[in-house]
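1. Below are the sequence and a predicted model for it; my questions follow.
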Amino acid sequence: MGDIALRGNGLTKRAGYAKGGHVNTRRENRLEELGRVDAEKAHTRKGKRNLRDEKDRIRSELKKGGWIQSVNKSIKKRGTKGVCTGKKFGGPTCRPGTKRYALAKTFKKMAKNRKG
């Protein structure tokens, strides 16, 4: 039995960064940005207004769902679920080079990473 920190658990891997340092997620970047704006002090009325607007912008970005939620919503709305699955992947309804193909490829990769 090896130590989990030494052998890894598959959850901490990120594509393209196998040997490099930690790379922030988009959410982590937004949280850092919010921290920096919170630490900033405004000296004028206009400056205070600008800071408040900036904080509101960052908070709204944090509240907004990620890209995957909007994609799934769009697929459900258009009724195109399963168009690029199985034998159809790379076929006439899902040609390589299309957005649909790229998205299906991303979903396949995510499913593979989930399964381990």
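-> Thanks, I have the structure now.
2. Could you give me the buried positions within stretch 103-116?
-> Neighbour counts over stretch 103-116 (16 or more other CB atoms under 10 Å) mark 103-104, 107 as buried. C-beta here means a position set from N, CA and C on the backbone, and glycine is covered the same way.
3. go on, stretch 34-49?
-> 34, 37.
4. That stretch: end-to-end distance?
-> 15 Å (CA to CA, to the nearest Å).
5. Could I get the CA-only coordinates of stretch 78-95 as CSV?
-> Presented in CSV, the C-alpha positions along stretch 78-95 are these (Å, rounded to 0.1, in the frame of the first residue of the first chain):
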residue,chain,number,x,y,z
ARG,A,78,-32.6,22.1,-29.2
GLY,A,79,-33.3,18.4,-28.6
THR,A,80,-29.8,17.4,-30.0
LYS,A,81,-28.8,15.0,-27.2
GLY,A,82,-27.1,11.9,-28.5
VAL,A,83,-26.5,13.2,-32.0
CYS,A,84,-22.7,12.6,-31.7
THR,A,85,-22.7,9.4,-29.7
GLY,A,86,-21.6,5.8,-30.5
LYS,A,87,-21.3,5.0,-34.2
LYS,A,88,-22.6,8.5,-35.2
PHE,A,89,-19.4,10.1,-33.8
GLY,A,90,-17.5,11.2,-36.8
GLY,A,91,-20.4,10.4,-39.2
PRO,A,92,-22.4,12.6,-41.4
THR,A,93,-24.4,14.2,-38.5
CYS,A,94,-21.2,14.8,-36.5
ARG,A,95,-18.4,15.6,-38.9
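6. Report how many residues lie close to residue 98.
-> 12 (other CB atoms under 10 Å).
7. Could you check how far it is from residue 44?
-> Per CB to CB, to the nearest Å, residue 98 is found 52 Å from residue 44.
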